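Undergrad: Task: produce atomic coordinates for the following.
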Amino acid sequence: MNRLVSLFIAAIVLAALAAFYFQVDRPAQERKAEEKERGEVFVDLPRDRVDTIEITRGDDTLRLERDDQQRWWLRTPEVAPARPEAVEDLLDEATTTEVLRRLTVPAAERAELGLDAPVARLHLVGAGIDVELRVGRDDPMLQGRYYLGRSDGDEVIVTASPLRQTLQEPIEELRRRRLFEVPRWRIVAVEQVDGERRLRLRQGADGGWQIEEPELGRADRDQVGKWLDALEQAEAPSLTPLAGDGPPATIPGPWARLRLITEDEQASVTLVIARPAEGDAAAYQEGLAFFGTLPAGSATALVPDGETLRDLHLAEFHPYEVDRIEIVGDDGTLALRREAGLWTAGDGRQIDGPFVDDYLQDLEKGKGTRYRNDPFALEGDDQRLRLYAGTKLLTDLGFTRVEPVVGHLPAGPALELEPDLHSRLLPTIRRFADHLTPATPAPAPGTLPAPEPPS
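TA: Predicted coordinates:
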């Protein structure tokens, strides 16, 4: 009897141990193994040593090669520069493919996973590198997962990597369209030669631009910024390899040369742009070994003249920094000062603050239509406007009454304005005095102020 009880207890203990192993311990070990696999990648290789990439989809093969300048080129089925971002994304996906599950599949069974006739193949070749990946069919157990194998072993993984979609994208996604490699935010000077015309600009310490040639003057920083943006973003429908170092013989001139200068001379670049009288324009960057054709007339924005870039703003200041205004005319001088947020005249009367602020904002935004070449000087009943920040003179402008002209004093330059803008900005004492609070008359000697009305 005791022996039967002992056997019964032993059987219960064994059953409990078996249940614990199959229901708790073994699943936990499997989860740990899966979690370890999930943190691994399938292909681990140095991407910078890959110099040839082949993508095969059915009977179609696409081949990419890296040249001595570390730039990628399409070699098959066409010869054209490749878009570097697209190639780097492809290499990144191939070398960071996450493993969801690992399988060991003998060669005889690989066909069942779609690896003998793969959806796509990716062949990476370089110094000490020769790896071919094969994209198989979907994993029937997990939606959005598929089989990925290597041609040099029995190991197969299940993954959800976007690599499969990337390998099936059309060749257009790999073609480069960007014409230039412009060091946009490192440019400190520009030199342009366009036939007989020359243009030189240089950036100041405050970020503003000065025109040094054809004549000295301030450049409009917004216009210069838009121009450099246009150069950086310029694209062509197709890019063609250059046969030599010079411009393509098939494109007639004239050719303009733009030198984009950086503080590090090694990073400076030279752009060459053709603007023929008829037919398509063209452009290339020295050292890139390809050129692109552009629709007729589109190159004009890439080769501006000095007048296009000149700053036509009437004055360069910020309204919030102005704390003193002087208006001088043939009828005297009006001085306004801002203290504690309030504008007051010299006699202590307040002036309508929003009126003054609106005037300063209109003046800051105001732009002329063109510069005048003749000398500028005030005459007769012309008006003068000075703006100060403390003791610093921000701007000194003269407004003529006879013509819609504003000049920088004491010696110019002068700009012509639209008549409506000139009328709104003409700083007459009468215009500002109309917005002063009325003066309070002083009580007559010997009189008492009127009593306040009862509340």
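
Undergrad: Could you pull up the mean pLDDT of stretch 219-235?
TA: The average pLDDT for stretch 219-235 rounds to 94.

Undergrad: Need the per-residue pLDDT for residue 170.
TA: 93.

Undergrad: In space, what's closest to residue 79 - neighbours in sequence excluded?
TA: residue 241 (6.0 Å; CB to CB, 6 or more residues apart in numbering). No exception for glycine: its C-beta is placed from N, CA and C like everyone else's.

Undergrad: What is the neighbour count of the one you found?
TA: Residue 241 has 12 neighbouring residues, counting by other CB atoms under 10 Å.

Undergrad: How is the protein divided into domains?
TA: 47-173, 184-309, 319-433 (automatic domain parsing).

Undergrad: what about the longest one, distance to the chain center?
TA: Centroid displacement of domain 47-173 relative to its chain, using CA atoms, centre = their mean, to the nearest Å, is 31 Å.

Undergrad: Next, the distance between the ends of that domain.
TA: 20 Å (CA to CA, to the nearest Å).

Undergrad: tell me, how many neighbours does the residue nearest to residue 92 when sequence neighbours are not counted end up with?
TA: Spatial nearest neighbour of residue 92, excluding adjacent residues (CB to CB, 6+ apart): residue 47 at 7.3 Å. Residues contacting residue 47 under the criterion other CB under 10 Å number 16.

Undergrad: Need the phi and psi values for residue 47.
TA: phi -60, psi -30 (degrees, to the nearest 10).

Undergrad: Roughly how far does it sit from residue 307?
TA: 49 Å (CB to CB, to the nearest Å).

Undergrad: show me what contacts residue 116?
TA: Residue 116 sits next to residue 110 when contact means CB atoms under 8 Å, 6 or more residues apart in numbering.

Undergrad: Quick check: the gap between it and residue 225.
TA: For residue 116, the distance to residue 225 - CB to CB - is 56 Å.

Undergrad: Kindly report the same for residue 309.
TA: Residue 309 is 10 Å from residue 225, by CB to CB.

Undergrad: neighbour-wise, which of these two wins?
TA: The neighbour count for residue 309 versus residue 225, taken as other CB under 10 Å, is higher for residue 309 (21 against 13).

Undergrad: Could you check how far that one is from residue 257?
TA: Distance from residue 309 to residue 257, by CB to CB: 17 Å.

Undergrad: Ok, residue 200 next?
TA: Taken as CB to CB, the span from residue 200 to residue 257 is 13 Å.

Undergrad: Can you pull the residues that touch both of these two?
TA: The contact sets of residue 200 and residue 257 overlap at residue 192 (CB under 8 Å, 6+ apart).

Undergrad: ok, the two, which is more surrounded?
TA: residue 200 (17 against 14).

Undergrad: Give me the pLDDT for the more buried one.
TA: 96.

Undergrad: Dig out what it forms beta bridges with.
TA: Per DSSP bridges, the residues bridged to residue 200 are residue 191, residue 213.

Undergrad: So it sits against residue 190, correct?
TA: Yes: with contacts counted by CB atoms under 8 Å, residue 200 reaches residue 190, the gap being 7.1 Å.

Undergrad: about what we covered before: export the domains of the chain to JSON lines and tack on distance to residue 12?
TA: Output for the domains of the chain, formatted as JSON lines (distance: least, CB to CB, whole Å):
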{"stretch": "domain 47-173", "distance to residue 12": "36"}
{"stretch": "domain 184-309", "distance to residue 12": "77"}
{"stretch": "domain 319-433", "distance to residue 12": "86"}
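
Undergrad: Give me the neighbour count for residue 302.
TA: So residue 302, with other CB under 10 Å, has 20 neighbours.

Undergrad: Contact partners for the residue lying closest to it once chain neighbours are set aside?
TA: Excluding the flanking residues, the one nearest residue 302 by CB to CB, 6+ apart is residue 273, at 5.4 Å. Shown in contact with residue 273 (CB under 8 Å, 6+ apart): 255, 256, 258, 281, 282, 283, 299, 302, 303.

Undergrad: beta partners for residue 273?
TA: Where residue 273 sits in a bridge, its partners, by DSSP bridges, are residue 256, residue 283.

Undergrad: ok, the nearest residue to residue 56 once chain neighbours are set aside - contacts?
TA: Spatially, and ignoring its direct neighbours in sequence, residue 56 is nearest to residue 121 (4.3 Å; CB to CB, 6+ apart). Applying CB under 8 Å, 6+ apart, we find residue 121 in contact with 54, 55, 56, 132, 133, 134, 135.

Undergrad: what do you get for residue 247?
TA: By CB under 8 Å, 6+ apart, the neighbours of residue 247 are 253, 255, 272, 274, 282, 284, 291.

Undergrad: Run through the stretch 301-450 of the chain and note the low-pLDDT ranges.
TA: 439-450 (pLDDT under 70).

Undergrad: could you pull out the helices for the stretch 1-150 of the chain?
TA: Assigned by DSSP state H, counting those that start in this stretch, the stretch 1-150 of the chain shows helices spanning 2-20, 26-38, 84-95.

Undergrad: ranking these by mean pLDDT, which is last?
TA: Averaging pLDDT over each of these puts helix 26-38 lowest, since it has a mean of 47.

Undergrad: Where does residue 292 sit: helix, strand or coil?
TA: State at residue 292, reduced to three classes by DSSP: H, G, I helix; E, B strand; the rest coil: strand.

Undergrad: Leaving out chain neighbours, which residue sits closest to it?
TA: Residue 292 sits nearest to residue 236 (CB to CB, 6+ apart), 2.6 Å away.

Undergrad: now the one you found: how far from residue 346?
TA: Distance from residue 236 to residue 346, by CB to CB: 63 Å.

Undergrad: still on that earlier bit, hey, what's the residue nearest to residue 56 bridged with?
TA: residue 56, residue 134.
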